[in-house]
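# Structure for this input, please:
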Amino acid sequence: MADSTLTTPRLDKQIALVTGASSGIGTGVAKSLAEAGATVIVNYVHDAEGADVVVKEIEAAGGQALALQADVSKEADVLKMFGQILDRFGTLHILINNSGVQQDAPFTEMTLEQWQKVIDVNLTGQFLCAREAAKEFIRRGVQPEVSKAAGKIICMSSVHEVIPWAGHANYAASKGGVMLLMKTMAQELAQHKIRVNTIGPGAIKTPINKEAWDTPEAAEQLLKLIPYGRIGEPHDVGEVAVWLASDASDYVHGITLFVDGGMTLFPGFIGNG
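As a prediction, this is how the structure comes out:
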């Protein structure tokens with residue numbers, strides 16, 4: 001009979017990179033990984049102060065963390081960051097591809113600059129970081145005393161990889177691209193014992209979408225899209241990231257795990273059957 005005792009997954013001895021970790025979902029994920037025992041690299045682009053706060057909070061809680069600056073949409077920055085990680089820690093075990101931006105506009109008014117910026121960060125940035133992580137995972141191979149997998153890549157997508165979003169064509173296209181990038185990487189890298197999955201958050205309380213939840217009126221409207229009846233918090237995503245990065249999910253590969261309170265269940269159809 002199987003042991004029914006629930007245990008929290010552990011990530012001891014593992015080095016994890018979280019891109020875009022100076023605020024929002026990235027911060028929640030970085031803290032959760034550190035609580036599970038991982039040493040966390042807190043990547044940031046401009047917000048050095050925010051990244052430093054995250055590092056200090058992790059250290060105050062007994063964890064280990066380091067802030068590193070890099071614009072993930074720039075290949076030279078990504079190569080430099082990975083060089084710094086390997087020089088400092090020797091290897092990497094977990095990549096959380098989290099960096100993302102929004103530059104919203106009606107479709108007919110969206111500029112090429114707005115389109116390109118979102119694609120560059122949200123999609124190309126994930127490609128560049130995943131490519132370098134995969135190279136290191138393949139070079140090192142499996143360390144059985146650390147993890148059953150050679151490495152874990154977790155892409156941060158969105159419910160909008162499947163839900164169209166008027167006024168956000170660049171963002172939705174980038175997240176749809178992340179979904180097929182993830183699946184293609186998963187198909188190709190499985191032979192190297194590299195696990196690749198995606199987290200698809202729904203409405204999470206972060207600075208990027210503050211307008212959608214910051215007032216009672218806005219929150220009321222948003223909750224109409226969430227059958228579970230509450231808006232998510234960054235730690236909701238962080239806990240899922242820990243599980244996907246741990247050996248507890250060793251046979252989970254090539255999926256999007258939606259963390260959305262049921263937003264992808266088309267709640268507009270409730271009562272219309």
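# for the protein, which helix is longest?
helix 169-189 (DSSP state H).
# which other residues reach it?
Here helix 169-189 makes contact (Cβ atoms under 8 Å, 6 or more residues apart in numbering) with 97, 100, 102-104, 107, 110, 114-115, 117-119, 122-123, 126-127, 130, 134, 137, 153, 155-158, 160-165, 195-198, 200, 253-254, 256. Bear in mind the C-beta positions are built from the backbone N, C-alpha and C, glycine included.
# Next, the buried residues of it.
By neighbour count, with 16 or more other Cβ atoms under 10 Å as the criterion, the buried positions of helix 169-189 are 169-179, 181-183, 185-186, 189.
# now stretch 241-258
Of all the residues in stretch 241-258, those buried under the rule 16+ other Cβ under 10 Å are 241-246, 249, 253-258.
# Please apply the same query to stretch 219-228.
By neighbour count on 16+ other Cβ under 10 Å, the buried set for stretch 219-228 is Leu222, Leu223, Leu225, Ile226.
# can you give me the end-to-end distance of stretch 203-210?
End-to-end distance for stretch 203-210, by Cα to Cα, to the nearest Å: 10 Å.
# Need the residues that contact it.
Counting by Cβ under 8 Å, 6+ apart, the neighbours of stretch 203-210 from elsewhere in the structure are 23-25, 100-102, 212-213, 222, 225-226, 231-234, 236-237, 259-261, 263.
# Can you select the buried ones from those residues in ChimeraX?
Burial among these is assessed by 16+ other Cβ under 10 Å; the matching ChimeraX selection reads:
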select :23,24,25,100,101,212,213,222,225,226,231,232,234,236,237,259,260,261,263
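# Is Ala149 in contact with Val196, as I believe?
No: in this structure, Ala149 sits apart from Val196 without contact. The criterion is Cβ atoms under 8 Å, and the distance is 9.9 Å.
# Who are the contact partners of Ser99?
The contact partners of Ser99, taken as Cβ under 8 Å, 6+ apart, are Thr19, Gly20, Gly26, Asn43, Val45, Val72, Val121, Asn122, Gly125, Gln126.
# The closest residue in space to the fifth one that isn't next to it in sequence: which element?
Using Cβ to Cβ, 6 or more residues apart in numbering and skipping residues adjacent in sequence, the residue nearest Val45 is Asp71, 5.2 Å away. Secondary structure assigned from DSSP states H and E places Asp71 in neither a helix nor a strand.
# Tally up the residues packed near Asp71, please.
The burial count assigned to Asp71 is 18, neighbours taken as other Cβ atoms under 10 Å.
# Could you do Glu132 as well?
Close neighbours of Glu132, defined as other Cβ under 10 Å, add up to 21.
# Verify the stated contact: it with Val78.
Yes: judged on Cβ under 8 Å, Glu132 makes contact with Val78 at a distance of 6.1 Å.
# tell me the phi and psi of Gln102?
Main-chain torsions, Gln102, degrees, to the nearest 10: phi -120, psi 140.
# For it, give its distance to Ala169.
In this structure, Gln102 and Ala169 are 11 Å apart, going by Cβ to Cβ, to the nearest Å.
# and if you look at Asp52?
Looking at Asp52 against Ala169, where the rule is Cβ to Cβ, the gap reads 35 Å.
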